[in-house]
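Engineer: give me the fold of what follows.
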Amino acid sequence: MNCEVCQLKELEVESFEIREVLRCILHTIVFHRALGLIRPKDIDLELFEITYVQCGEIEVEKKIDEKVDQFISWIEKHPNKKSQICLSFYEVKSKQPSWFTNKIERLYWEQWYINLNVLQPTKAPVGKSHHSKLVMDPGEASEERSSRRTLLEQSLQEVLFQIIKFVNEKKDHVPPINDGVIYCPFEITIPS
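Structural biologist: Sure thing, here's the model as predicted:
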């Protein structure tokens, strides 16, 4: 079985935006790969004018939130880094039992790479020091932040459309559904 790979467009985010952006992207992918009967749940982002859909499964929400928290902790220890999160879908197959083992193998059929460039917040100098000759106008800083946020919102929308396009075009590699399965097993890998 071949594994399809989707590299999502890199997003520039500030640390306070990571949680919303990652939850939006991860839940959108998992929702679009849900196989069984689900209870869709609309979620409005607080920082952006974007609504996305979750599966409405508590286990999925918990798994995604845990990984997002782990990623945020990693970012705090490794600031100013470009980073990548991988969401992988797989099938579980039993390998041929041998004398001492009964191995279970994961066959990956799809991987999504979420690329983030986490920006450090820019601190505007408060007064004149002997090092800085220019004092930033606070209005200028908020204007810059606002235009950066607008740009991020547009980029996030592009990523969501990229997900939908990929899901609609690439279907042949998705394994057949087993009865009672709501969503395929998946794992989220963060930098270590």
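Engineer: which residue is the nearest non-sequential neighbour of residue 86?
Structural biologist: Leaving aside its chain neighbours, residue 86 sits nearest to residue 189 (4.3 Å; criterion: Cβ to Cβ, 6 or more residues apart in numbering). Where C-beta positions appear, they are placed from N, C-alpha and C, glycine not excepted.
Engineer: and if you look at residue 113?
Structural biologist: Using Cβ to Cβ, 6+ apart, the closest residue to residue 113 is residue 7 (4.8 Å).
Engineer: just give the number of residues close to that neighbour.
Structural biologist: For residue 7, the tally of surrounding residues (other Cβ atoms under 10 Å) stands at 12.
Engineer: for it, give its distance to residue 120.
Structural biologist: Separation of residue 7 from residue 120 (Cβ to Cβ, to the nearest Å) stands at 25 Å.
Engineer: chain center to the helix ranked longest in the chain, what's the gap?
Structural biologist: As assigned by DSSP state H, the longest helix anywhere in the chain is helix 138-169. Remark: helix 138-169 is offset 14 Å from the chain centroid, using Cα atoms, centre = their mean, to the nearest Å.
Engineer: on contacts alone, who are the packing partners of the helix or strand where residue 5 lies?
Structural biologist: Assigned by DSSP states H and E, residue 5 belongs to strand 4-7. Where contact means 3 or more Cβ pairs under 8 Å, 6 or more residues apart in numbering; DSSP states H and E, strand 4-7 is packed against strand 104-119, helix 138-169.
Engineer: among those, which is nearest residue 21?
Structural biologist: Closest to residue 21 of the helices and strands packed on strand 4-7, according to Cβ to Cβ: helix 138-169, at 6.2 Å.
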